[in-house]
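Student: Quick one, what's the 3D model for this:
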Amino acid sequence: MRAYFDALLRYFEFSGRSSRAQYWLFELTYCLITLGAIAADYYTTHRLPDHEHPTFFIAFVMIFHIVPNVTVTVRRLHDIGKSGWWYLLYFVPLGGLFVLIWTCRRGDPNQNDYGGPDTGRPVQPAAIDFEARFGRAVRMGTDLPRPAAGFDGQTIATQRFI
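Tutor: As a prediction, this is how the structure comes out:
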């Protein structure tokens, strides 16, 4: 699930690399969500969707996942040292077979033109230092008025009611 959410968090990010595990776990989760959407469509309309008449849930899932699917594939191609422009092979007859084979290859273990090797772990957001950003006077639950410059920080910390 982490690989899926990492791909969604990096929605428009074409730079960098994605590991083989990250790519395939995203694709597996996408397939499972698509199967769930087909089941939801069948439950609501009592017919299976087809190419000419996709129903609401499957159309929503497909449209929502177009960009992340492209970006995670481009980053996967970067991981094996290929340009993301090779993704355009999907529009050539039998070209998608080459991309499929490339996504199965082991990634480059060293630094390449697209960055260092990806560990397959999602990108962790940087911790926000609230005290440095907002100052010590901003606390949830203080019943004191905002002190002037040069206050004693212990006063607020001892009189919090939450």
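Student: and stretch 5-23, C-alpha only, in CSV?
Tutor: Taking Å, rounded to 0.1, in the frame of the first residue of the first chain, the C-alpha atoms of stretch 5-23 are listed here in CSV:
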residue,chain,number,x,y,z
PHE,A,5,0.4,6.0,-2.0
ASP,A,6,3.9,7.1,-2.7
ALA,A,7,3.1,7.0,-6.4
LEU,A,8,0.0,9.1,-5.7
LEU,A,9,2.0,11.6,-3.6
ARG,A,10,4.5,12.0,-6.5
TYR,A,11,1.6,12.5,-8.9
PHE,A,12,3.3,14.9,-11.4
GLU,A,13,6.9,14.0,-10.6
PHE,A,14,8.7,12.6,-13.6
SER,A,15,12.2,13.0,-12.2
GLY,A,16,13.9,10.5,-10.0
ARG,A,17,13.7,6.7,-9.9
SER,A,18,11.2,4.1,-8.7
SER,A,19,12.3,0.6,-7.8
ARG,A,20,11.0,-2.6,-9.3
ALA,A,21,9.0,-3.4,-6.2
GLN,A,22,7.5,0.0,-5.9
TYR,A,23,6.4,-0.1,-9.6
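Student: which of the residues in that stretch are buried?
Tutor: Asp6, Ala7, Leu8, Arg10, Gly16, Arg17, Ser18, Ser19, Arg20, Gln22, Tyr23 (16 or more other Cβ atoms under 10 Å). In short, each C-beta sits where N, CA and C put it, glycine included.
Student: My guess is the third one contacts Pro68. True?
Tutor: Yes: contact status for Leu8 versus Pro68: in contact at 5.6 Å, counting by Cβ atoms under 8 Å.
Student: shaky segments in the protein?
Tutor: 49-54, 118-162 (pLDDT under 70).
Student: Which element is encountered next along the chain beyond the biggest helix by length in it?
Tutor: If you go by DSSP state H, the chain has its longest helix at helix 20-45. Counting by DSSP states H and E, the next helix or strand C-terminal to helix 20-45 is helix 56-79.
Student: Quick check: buried residues in that next one?
Tutor: In helix 56-79, counting by 16+ other Cβ under 10 Å, buried: 57-58, 61, 65, 68-69, 71-79.
Student: out of these, which one sits closest to Tyr43?
Tutor: Ranked by distance to Tyr43 (Cβ to Cβ), the buried residues of helix 56-79 are led by Phe57 at 9.3 Å.
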